[in-house]
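> Have a look at this fold, sequence not included:
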């Protein structure tokens with residue numbers, strides 16, 4: 001019924017939608033003026049923008065500076081780092097090999113490239129396939145933090161580059177079951193292109209895509225090299241500061257450099273259904289989501305083959321494409337073949353770009369008719385088994401999986417015959433039903449949530465590509481309450497420490513209590529320092545290069561987590577001793593609680609590899 005409705009709606013509005021927008025219909029000046037205001041607000045040094053239909057470039061240019069110190073302004077030929085937009089080219093290259101009959105999306109990785117050292121305990125029944133690498137469903141971990149960037153001017157390529165990510169190539173679940181973004185899969189794909197063509201992936205893409213499309217300057221460079229390449233900046237303490245151009249160790253997943261004048265040609269290639277390089281069926285493949293729940297429910301949102309369409313749920317129409325973040329450069333390529341329009345943006349500053357991205361999408365779609373969204377009355381009875389707590393079970397990084405699972409624990413509940421989605425922190429959001437087991441948030445036009453049982457019979461919620469498993473209320477709430485309470489009790493040592501020290505000095509408390517309290521405080525300070533150091537690299541991602549060497553940051557993380565482990569164990573030993581000796585009752589009760597909480601946190605960190613965390 002839904003497919004029939006969409007078909008009828010498309011026939012009714014086809015003339016309006018199929019007609020390409022023109023420069024007069026899109027407020028280009030309003031877009032560029034607003035972007036420049038946003039750049040000032042966010043302290044963005046330089047930015048490129050390209051807007052195009054399938055046969056007419058509506059805007060191509062730059063704002064601000066490509067290199068502020070040199071006084072070089074950003075323009076349509078300035079070369080920006082496009083990060084993971086590289087994956088769209090890798091996907092297109094693989095699809096070209098598929099089109100030529102040299103490869104199949106369902107080929108087993110083990111047969112195509114037996115020298116790739118991946119591990120998959122389900123290989124006999126659920127082998128890793130080429131399509132799993134393309135859609136990030138092989139279950140591999142993402143790049144280890146010390147393998148992202150380097151300041152070395154190395155030129156790893158081919159097999160040596162692929163082998164750099166051996167530690168990430170372990171399937172954590174049955175391939176094809178869940179989506180978890182994993183760059184190493186695309187490094188493998190780059191290697192496969194080389195094996196199948198006898199040509200490095202970048203040379204193959206240059207020959208088969210860059211040259212036919214007239215993208216003569218676009219390239220896959222691991223770092224800044226050429227005169228037109230932009231310098232890179234980060235806002236530190238409120239000031240835009242020039243930062244080093246880090247070397248991208250992974251190559252194929254994120255080494256693309258290009259300009260607005262050349263990227264609009266790639267967007268036109270997509271809008272024109274792959275002409276002149278690929279057939280329309282290959283572009284259709286590139287946009288088709290294949291993960292199991294999506295297939296069984298008939299939902300088209302999520303990550304396809306180096307291409308996603310779930311980034312703008314409140315937009316009138318889906319926008320396909322990809323984002324990119326490398327060092328400090330944030331980029332976004334988005335397009336819609338039905339609307340016949342697309343855009344590219346890229347900045348050379350550590351700004352997420354999300355605000356500008358959403359603004360451009362909104363402006364490009366504002367003159368198109370509002371699509372009607374088919375909803376259904378809420379089917380309460382079939383929904384009841386799916387109510388309750390859920391926990392994330394498709395974390396991107398193994399090292400942070402326990403933290404992701406801890407904080408991403410939404411709850412589903414009914415109130416006044418309305419279904420609500422309640423994140424762990426935040427207000428409940430009303431959901432509307434779009435089909436059997438298919439839901440979205442109110443005011444969204446695309447389905448975002450699906451419910452189903454997995455092969456183990458457990459209730460599963462798929463939210464915009466993430467995989468959640470239902471969890472018992474008491475386990476979900478009790479675990480998080482215990483973690484929260486343990487953190488509060490652990491931090492309380494800083495509140496009681498002065499009183500403990502004073503009483504010990506006055507002889508009213510055994511001096512051992514003072515020294516043990518100091519040990520606990522130092523351990524907690526060590527853990528906090530380690531966490532702050534890690535979070536710092538999330539804000540300034542270019543600093544991930546520091547994880548490749550022994551330095552103050554890596555020592556802080558290693559020693560800080562070790563100190564916490566030592567202090568937790570010491571607190572347990574002290575707790576046993578104070579029960580045998582003459583200590584104030586209130587101190588015994590407090591220290592018993594403190595040691596128990598520290599031990600609980602210690603075991604959580606220990607089993608997740610955070611004690612003595614090394615890079």
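Sure, I can see it. Keep in mind that this is a model prediction, so the values were computed, not measured.
> who's in contact with residue 172?
139, 140, 141, 180, 398 (CB atoms under 8 Å, 6 or more residues apart in numbering). In short, each C-beta sits where N, CA and C put it, glycine included.
> which stretch of helix or strand covers it?
Here residue 172, judged by DSSP states H and E, is contained in no helix and no strand.
> who wins for neighbours among the contacts of residue 172?
Counting neighbours by other CB atoms under 10 Å, residue 140 comes out on top of those with 28 neighbours.
> hey, where'd the helices end up in the stretch 51-200 of the chain?
For the stretch 51-200 of the chain, the helices defined by DSSP state H, counting those that start in this stretch cover 86-99, 109-112, 130-135, 158-163, 183-197.
> Spatially central residue for this structure, please.
residue 181 (6.3 Å; CA atoms, centre = their mean).
> for that residue, phi and psi?
phi -60, psi 130 (degrees, to the nearest 10).
> Quickly note the distance from it to residue 45.
For residue 181, the distance to residue 45 equals 27 Å [CB to CB, to the nearest Å].
> Could you tell me which residues make contact with residue 460?
So residue 460 contacts 293, 451, 452, 453, 454, 467, 468, 469, 470 (CB under 8 Å, 6+ apart).
> element containing the nearest residue to the fifth one once chain neighbours are set aside, please.
Nearest non-adjacent residue to residue 454, counting by CB to CB, 6 or more residues apart in numbering: residue 460, 4.9 Å away. Secondary-structure assignment from DSSP H and E places residue 460 in strand 459-463.
> Tell me how far the closest residue to residue 61 other than its chain neighbours lies from residue 522.
Counting by CB to CB, 6+ apart, residue 61 lies nearest to residue 76, which is 4.9 Å off, once chain neighbours are set aside. Using CB to CB, one gets 56 Å for the distance from residue 76 to residue 522.
> more crowded one of these two?
Just comparing residue 76 and residue 522: by other CB under 10 Å the higher neighbour count belongs to residue 76, 18 against 15.
> in the stretch 451-600 of the chain, which spans are strands?
459-463, 466-471 (DSSP state E, counting those that start in this stretch).
> what are the pairing partners of the shortest one, and which direction each?
Okay, so that is strand 459-463. strand 449-453 (antiparallel), strand 466-471 (antiparallel) (DSSP bridges).
> for these, which one sits closest to residue 131?
strand 466-471 (17.4 Å; CB to CB).
> so residue 31 makes contact with residue 361?
No: Residue 31 is beyond contact range of residue 361, at 10.8 Å (criterion: CB atoms under 8 Å).
> any idea which helix is longest in the chain?
helix 511-539 (DSSP state H).
> Could you check how far it is from the centre of its chain?
29 Å (CA atoms, centre = their mean, to the nearest Å).
> again with stretch 112-119
25 Å.
> which residues are contacting that stretch?
Contacts for stretch 112-119 (CB under 8 Å, 6+ apart): 103, 109-110, 128, 130, 138, 140, 159, 162-163, 166, 169-171, 188, 191-192, 195-196.
> still on that earlier bit, the strands of the stretch 451-600 of the chain into a markdown table, with extra columns for distance to residue 429 and mean pLDDT?
A markdown table is the format used below for these (distance: least, CB to CB, whole Å; pLDDT from 0 to 100):
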| stretch | distance to residue 429 | mean pLDDT |
| --- | --- | --- |
| strand 459-463 | 11 | 91 |
| strand 466-471 | 15 | 93 |
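> Serialize those to JSON lines and add fields for distance to residue 255.
Output for the strands of the stretch 451-600 of the chain, formatted as JSON lines (distance: least, CB to CB, whole Å):
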{"stretch": "strand 459-463", "distance to residue 255": "31"}
{"stretch": "strand 466-471", "distance to residue 255": "27"}
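> Of all the ones you listed, which one comes closest to residue 556?
strand 466-471 (31.3 Å).
> hang on, the earlier thing: who touches the residue nearest to residue 61 in this structure?
By CB under 8 Å, 6+ apart, the neighbours of residue 76 are 48, 50, 60, 61, 62, 259, 260, 261.
> at 6 Å what do you get?
Residues in contact with residue 76 (CB atoms under 6 Å, 6 or more residues apart in numbering) are 60, 61, 260, 261.
> Compute the distance between it and residue 261, please.
Distance, residue 76 to residue 261, using CB to CB: 4 Å.
> which residues do those two both contact?
Taking CB under 6 Å, 6+ apart as the criterion, residue 76 and residue 261 both touch residue 60.
> Who does residue 325 form a beta bridge with?
Residues in beta-bridge contact with residue 325 (DSSP bridges): residue 330.
> Mark which of the contacts of stretch 112-119 are buried, thanks.
Buried subset of these (neighbour count, 16 or more other CB atoms under 10 Å): 103, 109, 128, 130, 138, 140, 162, 169-171, 188, 191-192, 196.
> Lowest-confidence entry in those residues?
Lowest pLDDT of the buried ones among the contacts of stretch 112-119: residue 162, 93.
> Check the gap between that one and residue 112 for me.
In terms of CB to CB, residue 162 sits 13 Å off from residue 112.
> Please apply the same query to residue 514.
Taken as CB to CB, the span from residue 514 to residue 112 is 64 Å.
> ok, now residue 226?
Counting by CB to CB, the gap from residue 226 to residue 112 is 34 Å.
> More neighbours: which of those two?
residue 112 (18 against 10).
> can I get the strands paired with strand 459-463 in CSV with mean neighbour count and distance to residue 217?
As requested, the strands paired with strand 459-463 are arranged in CSV below (neighbours: other CB atoms under 10 Å; distance: least, CB to CB, whole Å):
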stretch, mean neighbour count, distance to residue 217
strand 449-453, 20, 43
strand 466-471, 20, 37
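> quick one: which of those is nearest residue 236?
Nearest of the strands paired with strand 459-463 (CB to CB): strand 466-471, 31.8 Å.
> close enough to count as contact, residue 378 and residue 433?
Yes: checked against CB atoms under 6 Å, the pair residue 378 and residue 433 is within contact range at 5.2 Å.
> who has more neighbours, these two?
Comparing residue 378 with residue 433 by other CB under 10 Å, the one with more neighbours is residue 433, at 19 against 15.
> ok, for residue 107, nearest residue in space, not its chain neighbours?
Nearest to residue 107 is residue 130, by CB to CB, 6+ apart, at 5.0 Å.
> How about residue 220?
Counting by CB to CB, 6+ apart, the residue nearest residue 220 is residue 202, at 3.8 Å.
> roughly how far out does whatever helix or strand that neighbour lives in sit from the chain middle?
Per DSSP H and E: residue 202 is located in helix 201-205. Offset of helix 201-205 from its chain centre (CA atoms, centre = their mean): 26 Å.
> mean confidence for it?
Mean predicted confidence for helix 201-205 is 96.
> Against which helices or strands is that helix packed?
Packing contacts for helix 201-205, counted by 3 or more CB pairs under 6 Å, 6 or more residues apart in numbering; DSSP states H and E, involve helix 183-197.
> rerun at 7 Å
helix 86-99, helix 183-197 (3 or more CB pairs under 7 Å, 6 or more residues apart in numbering; DSSP states H and E).
> circling back: could you check the longest helix of the chain and say which residues are buried?
Neighbour-count burial for helix 511-539 [16+ other CB under 10 Å]: 513-514, 516-521, 523-527, 529-530, 533-534, 537.
> How about stretch 589-609?
590-595, 597-602, 604-605, 608.
> Give me the contact list for stretch 500-518.
493, 497, 570, 571, 574, 581, 583, 587 (CB atoms under 7 Å, 6 or more residues apart in numbering).
> How about stretch 265-275?
Outside stretch 265-275, the residues that reach it (CB under 7 Å, 6+ apart) are 52-55, 213-215, 277, 280, 282-283, 333, 335, 337, 340, 342, 344.
> out of those residues, which are buried?
Buried residues within the contacts of stretch 265-275, defined by neighbour count using 16+ other CB under 10 Å: 52-54, 213, 215, 277, 282-283, 333, 335, 337, 340, 342, 344.
> Including distance to residue 266, could the residues you listed go into JSON lines?
Shown next, in JSON lines, are the buried ones among the contacts of stretch 265-275 (distance: CB to CB, whole Å):
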{"residue": "52", "distance to residue 266": "10"}
{"residue": "53", "distance to residue 266": "14"}
{"residue": "54", "distance to residue 266": "12"}
{"residue": "213", "distance to residue 266": "6"}
{"residue": "215", "distance to residue 266": "7"}
{"residue": "277", "distance to residue 266": "10"}
{"residue": "282", "distance to residue 266": "14"}
{"residue": "283", "distance to residue 266": "12"}
{"residue": "333", "distance to residue 266": "8"}
{"residue": "335", "distance to residue 266": "9"}
{"residue": "337", "distance to residue 266": "14"}
{"residue": "340", "distance to residue 266": "15"}
{"residue": "342", "distance to residue 266": "9"}
{"residue": "344", "distance to residue 266": "8"}
